[in-house]
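Predicted model follows, preceded by the sequence.
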Amino acid sequence: MAVEFAPQTAPPSLRQARIGLWVRALSQNWSLFVQTRIGLVGLGIIVFYALIAAAHPVLMSTVWDERTYDPVIGYAFDETRQPAPPSLKHLLGTDPLGRDVLSQIMFSTRSEFMLGLVAAIVTVTIGTAVGAVSAYFGGLIDMLLMRLADIMIMMPVISVLVVLSALVGVEHFELAIIIGVLSGFGGTGVVLRSQALSVTVKPYIESARTAGGGPFHIIFIHIVPNLLPLSFLYMMFTVTNAIFSEAILSFLGLLDVRMSWGLMIHVTESAGYLLQVGKTWWLIFPASISITLLCSSFYLVGRSLDEVVNPRLRRS
């Protein structure tokens with residue numbers, strides 16, 4: 001009599017197990033994130049402005065005439081008085097140079113996202129590397145990196161950016177790099193170093209050394225992955241800092257950019273309409289509210305992520 005054996009299922013591979021753990025952790029963190037209403041509000045504002053940024057090139061290529069709605073060189077030929085108040089053709093009116101304000105808002109949103117993203121990536125890359133290397137090696141390397149961080153923290157960031165912008169031509173990309181370097185070698189690196197110090201004393205770090213793991217392997221395989229949640233948190237705060245700094249420099253006329261929210265307010269101030277809020281509100285409120293909302297949204301998301309990363313802040 002033949003004996004039939006049930007087919008044996010192959011055990012899951014290591015990659016599949018890691019993906020499963022990653023998906024489970026992502027699901028748990030998302031559940032914690034949605035419990036904080038402010039995080040959802042911030043995320044909703046970010047999605048709204050992302051849709052605005054994506055819609056502008058579509059409108060320019062399908063609906064809007066480039067001669068009228070170009071955010072830099074366009075002119076509202078249908079209006080005899082500039083700046084013109086909001087109308088059906090220009091929903092947010094026109095600026096003192098006859099350019100559509102809504103088109104300027106939508107066009108500038110892409111630059112703000114690019115600025116914040118590049119600054120956040122540079123900050124997190126440098127800060128994570130500085131924190132991990134400083135905590136692992138200690139000694140002279142730790143002392144040199146932390147003294148450099150002290151110098152960066154003591155430097156008045158806005159004043160430094162003003163001086164650099166006045167001396168050399170700074171655009172959005174260069175500004176993002178400067179902010180990322182100052183933040184990465186400064187406060188972000190110090191915070192991530194403190195987190196890395198708590199990781200370096202874990203038993204698996206000593207086991208990795210005993211097994212023959214070199215510094216490069218231990219830092220990038222064992223230490224850096226444990227810093228990524230906190231690094232992602234500081235990405236949110238860096239975006240807020242970058243957008244706010246750009247608005248200040250553009251308002252002062254120190255950035256070499258085609259269009260931005262700060263530059264819109266600078267044009268309004270140069271034309272003498274800055275204090276005429278009651279008569280020409282569309283020149284002030286759209287740009288200033290956009291700066292406030294987008295900065296606040298990333299800050300709110302960061303605060304919610306702080307509760308996810310830090311168990312002591314979670315609600316019981």
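Great, that's in hand.

Show me what the helix or strand of the chain with the lowest mean pLDDT is packed up against.
Least confident element among the helices and strands of the chain, by mean pLDDT, DSSP states H and E: helix 14-34 (a mean of 72). Counting contacts by 3 or more Cβ pairs under 8 Å, 6 or more residues apart in numbering; DSSP states H and E, helix 14-34 packs against helix 285-309. C-beta: built from backbone N, CA, C; applies to glycine.

So which elements touch the helix it packs on?
When contacts are defined as 3+ Cβ pairs under 8 Å, 6+ apart, helix 285-309 packs onto helix 14-34, helix 37-62, helix 101-137, helix 224-251, helix 261-270.

okay, those in TSV with mean neighbour count next?
Converted to TSV, those look like this (neighbours: other Cβ atoms under 10 Å):
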stretch	mean neighbour count
helix 14-34	11
helix 37-62	15
helix 101-137	22
helix 224-251	21
helix 261-270	22
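
Looking at those helices, spot the one closest to S304.
S304 sits nearest to helix 37-62 of all the helices and strands packed on helix 285-309, at 2.7 Å, using Cβ to Cβ.

So what angle separates the directions of the closest one and helix 285-309?
140 degrees (axes from the mean of the first three to the mean of the last three Cα atoms, to 10 degrees).

May I see the buried residues of the helix or strand following helix 37-62?
The helix or strand immediately downstream of helix 37-62 is helix 66-69, counting by DSSP states H and E. Across helix 66-69, burial judged by 16 or more other Cβ atoms under 10 Å covers T68, Y69.

So what touches helix 66-69?
L59, M60, G74, Y75, A76, F77, D78, D100, S103 (Cβ atoms under 8 Å, 6 or more residues apart in numbering).

what's the lowest-pLDDT member of those residues?
pLDDT across the contacts of helix 66-69 is at its lowest for D78, which sits at 83.

could you list every residue that touches that residue?
T68, K89.

Give the phi and psi angles for it, as a check.
Note on D78: its backbone torsions stand at phi -80, psi -10 [degrees, to the nearest 10].

now swap in the one 10 residues further on and tell me
Main-chain torsions, L88, degrees, to the nearest 10: phi -60, psi -30.

Now for it, how many residues are close by?
5 (other Cβ atoms under 10 Å).

Roughly how far does it sit from F220?
Look at L88 and F220: by Cβ to Cβ, to the nearest Å, they are 57 Å apart.

what's the answer for V199, then?
Distance, V199 to F220, using Cβ to Cβ: 13 Å.

Between those two, point out the one with more neighbours.
Neighbour tally, V199 and F220, criterion other Cβ under 10 Å: the higher count belongs to V199, 20 against 13.

elements contacting the helix or strand the more buried one falls within?
Using DSSP H and E, V199 maps to helix 187-200. If you count contacts as 3+ Cβ pairs under 8 Å, 6+ apart, helix 187-200 packs onto helix 101-137, helix 139-154, helix 224-251.

so what's F33 up against?
So F33 contacts G39, S304, L305, V308 (Cβ under 8 Å, 6+ apart).

From D100, how far out is the nearest residue to the third one once chain neighbours are set aside?
Think L305. Computed as Cβ to Cβ, 6 or more residues apart in numbering, the closest residue to L305 that is not its neighbour in sequence is L233, at 4.7 Å. Using Cβ to Cβ, L233 is found at 38 Å from D100.

F185 too?
In terms of Cβ to Cβ, F185 sits 41 Å off from D100.
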